[in-house]
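A.B. asks: test case, fold it:
(one chain, ligands or ions: 1)
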Amino acid sequence: MGLGTWAWGDRFFWGYGRGYHDQDLEQVFQRAIEHGVDTFDTAEVYGRGRSERLLGAFGRKYGVLERMVVATKFFPYPWRFTRAALRRALQGSLHRLGRDYVDLYYLHWPFPPRSPEFWVQAMVPLVREGKIRAVGVSNVNLPQLQRVHQVLEGAGVPLAAVQVEYNLVRREIEFNGFMDYCREHRITVVAYSPLASGMLTGKYTPDNPPRDWRRRLYPPTFLERLQRLIRLMEDIGAQHGGKTPAQVALNWALVKGTHPIPGAKTPSQMKSNLAALGWQLSPEAVDALDRVSESLQLGRLTLAPFLRRA
Ligand SMILES: NC(=O)c1ccc[n+]([C@@H]2O[C@H](COP(=O)([O-])OP(=O)(O)OC[C@H]3O[C@@H](n4cnc5c(N)ncnc54)[C@H](OP(=O)(O)O)[C@@H]3O)[C@@H](O)[C@H]2O)c1
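C.D. replies: As a prediction, the model looks like this:
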């Protein structure tokens with residue numbers, strides 16, 4: 001399991017500075033490192049660079065900067081369309097992190113005008129220079145994944161990881177050949193939003209919906225339908241030594257062979273998420289979760305809900 005750091009410094013979506021602060025994030029970091037979670041997922045866009053900066057600062061303070069496994073992401077803004085733009089963006093990330101290389105560099109979204117193949121090709125010389133240790137892509141569909149994979153294979157660079165939303169209410173990749181392709185070609189599937197952005201913790205209900213952007217993705221009608229799954233997760237958690245729905249959700253993602261990267265804003269969230277490790281859901285429990293979650297599937301994530309007016 002890794003640690004997602006989208007919320008680190010992000011005021012707009014997550015309300016950084018209101019309810020959680022740098023001191024909380026430092027304790028989240030400390031807890032992660034102490035418990036052997038040393039893979040961190042960040043991006044140049046998270047908190048407009050603040051997430052990368054905090055990660056670099058905490059790594060330096062605790063003397064673990066060089067041994068951390070850091071994944072960050074290039075965002076293909078429409079005004080970025082040359083290979084030099086990617087090189088400059090990587091330099092910016094390295095500067096904020098205070099490191100000479102990143103362990104994993106992703107294309108964040110396959111946005112035009114350039115193709116995802118163009119951007120991964122731009123990463124190849126940076127791999128040879130040792131600035132990027134491994135290449136990944138995020139939010140791609142299966143044909144895009146296959147094209148990127150072929151291009152990289154042609155250049156003799158493995159496609160190490162693909163990062164997509166994967167959780168109990170977004171399992172599309174299990175059914176459309178995406179996961180099979182990754183398994184066959186040994187591409188790690190990194191599951192982002194493994195708690196469905198907090199919905200699978202059970203704390204949000206129709207009477208207590210999230211008050212932020214998440215209300216667009218998960219309206220009260222969805223939260224109503226979700227309660228059956230949450231109750232099942234509570235029962236299954238009780239049968240597995242008193243685990244919470246969040247711990248069941250994370251363990252489910254691990255059992256499915258993915259590498260989940262839950263986000264945590266507070267040390268208590270981090271502590272709770274760490275308890276998803278060191279045990280395993282029974283096959284019967286996984287079957288039951290699969291069955292009940294099937295009717296709740298949300299389909300592929302798009303940016304539409306964020307663009308719609310309130
Ligand atoms: N590649 C991409 O495009 C992409 C997109 C999204 C995310 N990601 C990556 O994936 C990571 C995780 O995704 P995510 O942050 O969207 O969603 P997530 O991991 O599914 O949910 C994280 C949120 O759930 C709540 N939470 C976490 N643990 C909890 C616990 N134990 N008990 C109660 N509440 C808890 C917190 O929010 P509240 O306290 O506010 O409820 C937290 O910010 C991100 O940080 C980022 O690194 C990548």
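A.B. asks: middle-most residue in the chain, spatially?
C.D. replies: When CA atoms, centre = their mean is applied to the chain, the residue found nearest the centroid is Tyr192 (2.7 Å).
A.B. asks: that residue and Gln163 touch, don't they?
C.D. replies: Yes - if you go by CB atoms under 8 Å, Tyr192 and Gln163 touch, sitting 5.5 Å apart. From N, CA and C alone the C-beta is placed, and that goes for glycine too.
A.B. asks: which residues touch the residue of the stretch 1-150 of the chain found nearest the ligand?
C.D. replies: Nearest residue of the stretch 1-150 of the chain to the ligand (CB to the nearest ligand atom) works out as Gly4 at 2.3 Å. Gly4 is in contact with 41, 192, 261-264, counting by CB atoms under 8 Å, 6 or more residues apart in numbering.
A.B. asks: now do the phi/psi pair for it.
C.D. replies: For Gly4, the backbone dihedrals (degrees, to the nearest 10) come out as phi -90, psi 140.
A.B. asks: pLDDT score for it?
C.D. replies: At Gly4, the model reports a pLDDT of 98.
A.B. asks: hey, what's it bridged with?
C.D. replies: Listed by DSSP bridges, the beta-bridge partners for Gly4 are Asp41, Gly263.
A.B. asks: cool, and Ala191?
C.D. replies: Beta-bridge partners of Ala191, as defined by DSSP bridges: Val164, Pro260.
A.B. asks: picking that back up, got the contact list for the residue nearest to the centre of the chain?
C.D. replies: Residues counted as contacts of Tyr192 (CB under 8 Å, 6+ apart) are 4, 41, 138, 163-166, 261.
A.B. asks: from His21, how far off is the residue nearest to Ala89 when sequence neighbours are not counted?
C.D. replies: With sequence-adjacent residues excluded and distances taken as CB to CB, 6 or more residues apart in numbering, Ala89 is closest to Phe74, at 5.1 Å. Phe74 sits at a distance of 28 Å from His21 (criterion: CB to CB, to the nearest Å).
A.B. asks: of the two, who's got more company?
C.D. replies: Phe74 (27 against 12; other CB atoms under 10 Å).
A.B. asks: so what's the backbone phi/psi at that one?
C.D. replies: According to degrees, to the nearest 10, Phe74 has phi -90, psi 130.
A.B. asks: so it makes contact with Glu44?
C.D. replies: Yes - when contacts are counted by CB under 8 Å, Phe74 is listed as touching Glu44 (6.9 Å).
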